[in-house]
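# return a 3D structure for these sequence lines:
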Amino acid sequence: MLFYAEALPGINMHNSLNIIYLDIIDSTNKYALRNFDRLPDAALIAADEQSAGRGRQSRPWISPPHTNIYASAVIKNIGSNPAPASMVMALAALAVVRNSAPAAKFWLKWPNDIFCRERKIAGMLCESVCREGKLVGIVAGIGININMTAEMLSAIDQPATSLLQETGSKFKLKQIIKKLAASLNKYYGIYSVSPGLLFDRWKDENLLIGQTVEVNTGEAKIQGRILNLGRDGELIFETAGRRMQLFSGDVKIDKNSIDFGSAG
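Next up is the predicted model:
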């Protein structure tokens, strides 16, 4: 599923994969949201540097220049359920990091992170675009740690890693961006043909099903067992004998309880 776009002023575009390269921007998500109606479906906006990168719950995203992937995808043909957009981006990015570091153990951590063993390597922020109360698309943002050194990673407030740390090699960012754009098209195409297949692949990559964890919902910290994941992206959770559905939250993992050998 490849799309073509007319170039917008002040940007360079790799037309065959719909990549828009920016030198510096407040955030790629904000750019995509501001220009959503003008941008083509499946466009990937990538920046060398973000001055106001954001993660979930308005957390700042550390964005050193010319070091990592800061990108956002415009996904317009998503129907009324926003969850598959996150699944498309998660699987696309997972494939790219696996291809770049085949010996490492990568997996998806609900709701929107990619981990390498117990360390985070990528995170996503998906934002809905609505017109007259109707969902018309999603901006799916992602940050992937590529060439961050150990010193840079130590500034992050949780255990983190990068492709540089996992392989000992530096990577050319534009090559990774092109691979991400191609992977995005692949998984967007899978969704367009079979949403069920996309969901099954996404679910299979989550290692936390069956695990006992702590979830911070923002209102409380609750301990329990992850029973399953639903098609709307929800966590099906059991705590104190009661089942509940969670659509957002932070999951705290115990690295000694996860079987990383089952990660691809």
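
# centre of the chain to the longest strand along the chain, how far?
Secondary structure assigned by DSSP state E gives strand 119-131 as the longest strand of the chain. Strand 119-131 sits 6 Å away from the centroid of its parent chain (C-alpha atoms, centre = their mean, to the nearest Å).

# which element follows that strand toward the C-terminus?
Next along the chain after strand 119-131, taking DSSP states H and E as the criterion, comes strand 134-144.

# quick one: the longest strand of the chain to strand 134-144, angle?
Angle, strand 119-131 to strand 134-144, by axes from the mean of the first three to the mean of the last three C-alpha atoms, to 10 degrees: 160 degrees.

# now strand 119-131: buried residues?
Across strand 119-131, burial judged by 16 or more other C-beta atoms under 10 Å covers R119, K120, I121, A122, G123, M124, L125, C126, E127, V129. Where you see a C-beta, it was placed from the backbone N, CA and C, and this is true even at glycine.

# in its sheet, what does the helix or strand harbouring I45 sit against?
Counting by DSSP H and E, the element that carries I45 is strand 44-50. Note on strand 44-50: by DSSP bridges, its sheet partners are strand 19-25 (parallel), strand 69-75 (antiparallel).

# tell me what the very next helix or strand once past the first one is packed against?
Following the chain from strand 19-25 toward its C-terminal end, the next helix or strand by DSSP H and E is helix 28-34. Packed against helix 28-34 by the contact rule (3 or more C-beta pairs under 8 Å, 6 or more residues apart in numbering; DSSP states H and E) you find strand 19-25, strand 44-50, strand 69-75, strand 119-131, strand 134-144.

# check the offset of helix 28-34 from the chain's centre.
With C-alpha atoms, centre = their mean, you get 16 Å for helix 28-34.

# list the contacts of that helix.
22, 25, 39, 43, 45-47, 50, 52, 54, 70-74, 125, 127, 129, 139, 141 (C-beta atoms under 8 Å, 6 or more residues apart in numbering).

# what residue ranges in this protein score low on pLDDT?
1-16, 52-62 (pLDDT under 70).

# write the PyMOL selection for whichever of the contacts of helix 28-34 are buried.
Here is the PyMOL command that selects the buried residues among the contacts of helix 28-34 (16+ other C-beta under 10 Å):
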select buried, resi 22+25+39+43+45+46+47+50+54+70+71+72+73+74+125+127+129+139+141
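
# want to throw the helices and strands packed on helix 28-34 into JSON lines with distance to Q245?
Compiled in JSON lines, the helices and strands packed on helix 28-34 are given as follows (distance: least, C-beta to C-beta, whole Å):
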{"stretch": "strand 19-25", "distance to Q245": "35"}
{"stretch": "strand 44-50", "distance to Q245": "31"}
{"stretch": "strand 69-75", "distance to Q245": "24"}
{"stretch": "strand 119-131", "distance to Q245": "18"}
{"stretch": "strand 134-144", "distance to Q245": "20"}
